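Visitor: Could you work out the structure for the sequence below:
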Amino acid sequence: MVKITFSPVHAPDWQPLESVDVKGYMLTINGEVFDFSPLEKGYELSLDAIGSDLFADKAVMSTDGVLSIVLLMPYDEATATDAIRFPEPVTVTADGPVDIPTDHPAQPPEIPTIETIEEDHGLLAEQENVH
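Guide: Have a look, this model is predicted:
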């Protein structure tokens, strides 16, 4: 099992996180292969030892065999949804591609239309005091 935490960073000029594929403890990220299978239970691999700009923190293998990694997730402010800015961690229990929050960019914002008020529509009419 692999637990992936995404660490969003506003960096429109960086290469985006385009693909993550898991096969056991072997991860293919943006086409680059990282094999964490030699990492023993209860041990961790430092960020320097991983040697990739794709990771935000060390890799940790829990005592019950769950590999935890933190991936940087560069985004562009114009298309960032809340799912991109505040992504939920993903727990991968089966081999295959991982759904990345950046797969679903926001649509460009709609320009609101301004409606004109006709006559006194929506306005309170003044009432005369009648005695």
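
Visitor: Run the chain-centre distance for the worst-scoring helix or strand of the chain on mean pLDDT.
Guide: Sorting the helices and strands of the chain by mean pLDDT, DSSP states H and E puts helix 82-85 at the bottom, at a mean of 82. Helix 82-85 sits 6 Å away from the centroid of its parent chain (C-alpha atoms, centre = their mean, to the nearest Å).

Visitor: For whichever helix or strand comes after it, what is the distance to the chain centroid?
Guide: Under the assignment DSSP states H and E, the closest C-terminal helix or strand after helix 82-85 is strand 90-92. Relative to its chain's centre, strand 90-92 lies at 13 Å (C-alpha atoms, centre = their mean).

Visitor: which residues touch the next helix or strand after strand 90-92?
Guide: Once the chain leaves strand 90-92, the next helix or strand it forms, by DSSP H and E, is strand 96-97. Residues from elsewhere that reach strand 96-97 (C-beta atoms under 8 Å, 6 or more residues apart in numbering): Ser19, Val20, Asp21, Val22. For the C-beta atoms, the positions are set from N, CA and C on the backbone; glycine is no exception.

Visitor: ok, now stretch 54-74?
Guide: The contact list for stretch 54-74, computed with C-beta under 8 Å, 6+ apart, reads 1-12, 14-17, 20, 25, 27, 29-30, 32, 36, 39-47, 50, 53, 84, 87, 100-102.

Visitor: How are the helices of this protein distributed by residue range?
Guide: 47-50, 82-85 (DSSP state H).

Visitor: Which residues are in contact with the residue nearest to Thr93 when sequence neighbours are not counted?
Guide: Computed as C-beta to C-beta, 6 or more residues apart in numbering, the closest residue to Thr93 that is not its neighbour in sequence is Met1, at 5.6 Å. Met1 makes contacts with Gly65, Val66, Leu67, Thr91, Val92, Thr93, as judged by C-beta under 8 Å, 6+ apart.
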